[in-house]
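Novice: sharing a model prediction with you, sequence too.
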Amino acid sequence: MAMVAQQHHRENSGGSLSKHLDAAGKYVRYTAEQVEALERVYVECPKPSSLRRQQLIRECPILSNIEPKQIKVWFQNRRCREKQRKESTRLQSVNRKLNAMNKLLMEENDRLQKQVSQLVCENGFMKQHLHSATGATAVDASCESAVTTPRHSLGDASNPAGLLSIAEETLAEFLSKATGTAVDWVQMPGMKPGPGSVGIFAISQSCSGVAARACGLVGLEPTKIAEILKDRPSWFRDCRSLEVFTMFPAGNGGTIEMLYTQTYAPTTLAPARDFWTLRYTTTLENGSLVICERSLSGTGAGPNAAAASQFVRAEMLPSGYLIRPCDGGGSIIHIVDHLNLEAWNVPEVLRPLYESSKVVAQRTTIAALKYIRQIAQETSGEVVYGLGRQPAVLRTFSQKLSRGFNDAINGFNDDGWSLLNCNDNAEDVIIAVTSAKNLTSSSNTIPMLGGGILCAKASMLLQNVPPAVLVRFLREHRSEWADFNVDAYAAASLKSTYAYPGMRDHTRFTGSQIIMPLGQTIELEEMLEVIRLEGHSLSHEDAFMPRDIHLLQLCTGIDESAIGACSELVFAPIDEMFPDDAQLLPSGFRIIPLDSKPDSLTSHHKTLDLTSSLEVGPTAGNNDGKNAAYSGRSILTIAFQFPFESNLQDNVATMARQYVRSVVSSVQRVAMAISPSETGPVVGPKISPVSPEALTLAHWICQSYSYYVGSELLRSTDSASGEGLLKSLWQHQDAILCCSLKAVPVFTFANQAGLDMLETTLVSLQDIPLEKIFDDCGRKSLFSEFAKIMQQGFAQLPGGICMSIMGRHISYEQAFVWKVFAAEDETTVHCLAFSFVNWSFV
């Protein structure tokens, strides 16, 4: 290294001397030994301090005749040359990329000119035969843009010669789509090519089935790219499995493979898809590497008999990858995906998912190109990840989360999943279970004492709710929908210790979550992070015991400008110091847009805060008009997994069903709050805390308490304004609830502590009758004091036990009950108010 440094710094010198300018502009001659000594220091410290330079002069006698100021100038010049060298290298790399991209754009321009010429030809041909009976259907095959390719039967594939014929035909049709004019490609909405773009993306709106195309520049060699793309489960999150049944060499140096592929269904409302295909890999005369694939007719391979009813055979028309090496390194890649997903057998509302080329482009075509670019940047060292994790390890975690969540949504019979009958005859939440013995072969095996895994899942339609905004809110405001004790119960699976959630220790979520990033993709469409939920003990004896819960979380699709992109929030409990081979039990949300947006949203990365909009109301959905451009439908799928012991299966199933219903209600409330349209999902009558009615009710509650009790419910400084009074009431430490005075009293309002105590939301609160939360002693105590309450307006109840809607017992030191009268009229009783003091879960 010293010799290299010595040679590098012999600039314009004759012999062993090196010239450098000092601060005065004079040349200072350095010997080779001096340069070598300075280079050694530069490697260790490019910018030494004054003390370090003086120390250098003392320790190196060969530098004793050089002034400290001259040494300082030498290091300045050295850093400047290093910066220039790096900049020169960077500019050369950028120049190579621009040349390759320019070549790609020129080829794309030539293809578009050919397409225009072909369309002009078709237009003239149709005009000449407009009034002819045969002219309406007779279209020149050379000008045909709607490609329809018949499947080849297994009879053609019974011998190598037949397979090679099919492969060559598939290659020709694929190349005509990738670089020719066989398909009328139109630019993907919202993805205009440019210097900073990932690539060129296009979709077809006229061919049979759904089709998407992408081309771009990737900094990897063709063979490496081919290796990655052929391993489809590693990058295609919807791919459940890919099995190679037969592989043999073709006569021209290529290979032919017979594949059986299974893909996941995106939601609980539709079956999964599978493919029986031929894949042909070969090298063209110009050195390009081609991987093309198409479906074969006939039954071919198929799923196990147990899972046959859960799959629908789909068709892959000639598709594949064209990979061309670039001068100076890297490759230009063309990707074509052309599918017929058999949309006829899914519900009408879901058919856009199977008939939209934009969905295929986002989930398959663009995903492939972005994954390869990600690998290229990781290989070059341009990407740095947190907590010292290697990129391959983080990709494995992302794949585990995604695969585990897809397994939970689909619940394949050949994985041991079976449906559990619902006792209340409601079909809104599906419960599926799999026993411990069926988990031994799974990659996400959880250590268990017995029993198995239970999954509660549901799907619902959302109207005019931006998926990216909703997922971002769910990520940033977990306390608005999640239950800390349910998270703690799921986390207990890591220690093989279980307890029914209704019997957990005295722990309460503080409402604080800390997000620690692990890594993200280059376009920021996917983020992997560790979430720490901070909890504290309500028992003085265990006040210093840690109660925090850690989750590994994957968040995707938060870019609102991505047309047709799916948004997901998937998480799983982990240990604080989770190993690289940690097993995961994922749960989460998936939101898939069904309709395209007319305009891109302007509220990019808008921070939502429901403390200022606690529930849906006339002003809650405005969002300052920033989301007014969004209009469309989407499908929300929720799946939560819980471990259980065999003797607690029924209890866990009941808890899981109630919990998912509670989460659905919370999501509906949030969706209504962020929906810019008043035509969003109607979730029932409710009162809005930001509405005048809520402000008035808060004033009545506090005024009535002061009148009957003789003291203030809130501090005097909190009631300076109506909104300040409502905010203080909402954040009061005691659970404050209001119930109606009807034949069957039901709750009509609760502050945040009240919602936490009952484990519900403002939407679901009005479905809870008063008597349901009290035990026998509590009901007797309330009924005995009821006459006093109505006569005197106030009563104090002794401490006791009540119950949340999740079935958990709650203790409280005492409770106050008072009449809430309307305005100044003491004869008109609006409702009864309850205040539960120092409550906690038992």
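Specialist: Good, I have the coordinates.

Novice: going by C-alpha atoms from here, please, whenever you check contacts or count neighbours.
Specialist: Noted.

Novice: for the stretch 1-150 of the chain, which spans come out with low pLDDT?
Specialist: The model of the stretch 1-150 of the chain has pLDDT under 70 over residues 1-28, 100-101, 111, 114-115, 118-119, 122, 124-125, 127-129, 131-150.

Novice: what is the longest helix of the chain by residue count?
Specialist: Ranked by number of residues, the top helix in the chain under DSSP state H is helix 68-128.

Novice: and residue 558, what is it in contact with?
Specialist: If a contact means C-alpha atoms under 8 Å, 6 or more residues apart in numbering, then residue 558 has 467-469, 471-472, 525, 567 as its contacts.

Novice: and it, that's in a strand?
Specialist: No: secondary structure of residue 558, determined by DSSP: H, G, I helix; E, B strand; the rest coil: coil, with no strand assignment.

Novice: can you list phi and psi of it for me?
Specialist: Geometry field for residue 558 lists phi and psi as phi -100, psi 10, criterion degrees, to the nearest 10.

Novice: how close does it get to residue 463?
Specialist: As defined by C-alpha to C-alpha, to the nearest Å, residue 558 lies at a distance of 18 Å from residue 463.

Novice: ok so, going back, now render the contacts of residue 558 as TSV, adding distance to residue 822.
Specialist: Written out in TSV, the entries for the contacts of residue 558 read as follows (distance: C-alpha to C-alpha, whole Å):
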residue	distance to residue 822
467	41
468	42
469	39
471	40
472	40
525	52
567	46
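
Novice: most neighbours among those residues, which one?
Specialist: Within these, residue 467 tops the neighbour count with 28 neighbours, counted by other C-alpha atoms under 10 Å.

Novice: contacts only, for that one.
Specialist: The neighbourhood of residue 467, defined by C-alpha under 8 Å, 6+ apart, consists of 558, 560, 566-567, 591-593, 634.

Novice: same check on residue 80?
Specialist: When contacts are taken as C-alpha under 8 Å, 6+ apart, residue 80 is in contact with no other residue.

Novice: list the contacts of the residue nearest to residue 66 when sequence neighbours are not counted.
Specialist: Distance criterion C-alpha to C-alpha, 6 or more residues apart in numbering; nearest residue to residue 66, sequence neighbours excluded, is residue 57 at 7.9 Å. With contact set as C-alpha under 8 Å, 6+ apart, residue 57 has these partners: 63-64, 66, 68.

Novice: residue 200 contacts residue 189, correct?
Specialist: No: Residue 200 lies out of contact with residue 189 (C-alpha atoms under 8 Å); the separation is 11.2 Å.

Novice: show me the shaky parts of the stretch 601-750 of the chain.
Specialist: Counting by pLDDT under 70, the ranges of the stretch 601-750 of the chain that qualify are 601-631, 676-692, 716-722.

Novice: let's go with 80 and repeat that
Specialist: When the per-residue scores of the stretch 601-750 of the chain are filtered using pLDDT under 80, the ranges that remain are 601-632, 674-694, 715-723, 742-744.

Novice: what about the helices in it?
Specialist: Assigned by DSSP state H, counting those that start in this stretch, the helices in the stretch 601-750 of the chain fall at 649-674, 692-709, 722-730.

Novice: need those helices in a markdown table (columns: mean neighbour count and distance to residue 743).
Specialist: As requested, the helices of the stretch 601-750 of the chain are exported to a markdown table (neighbours: other C-alpha atoms under 10 Å; distance: least, C-alpha to C-alpha, whole Å):
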| stretch | mean neighbour count | distance to residue 743 |
| --- | --- | --- |
| helix 649-674 | 21 | 26 |
| helix 692-709 | 19 | 21 |
| helix 722-730 | 20 | 28 |
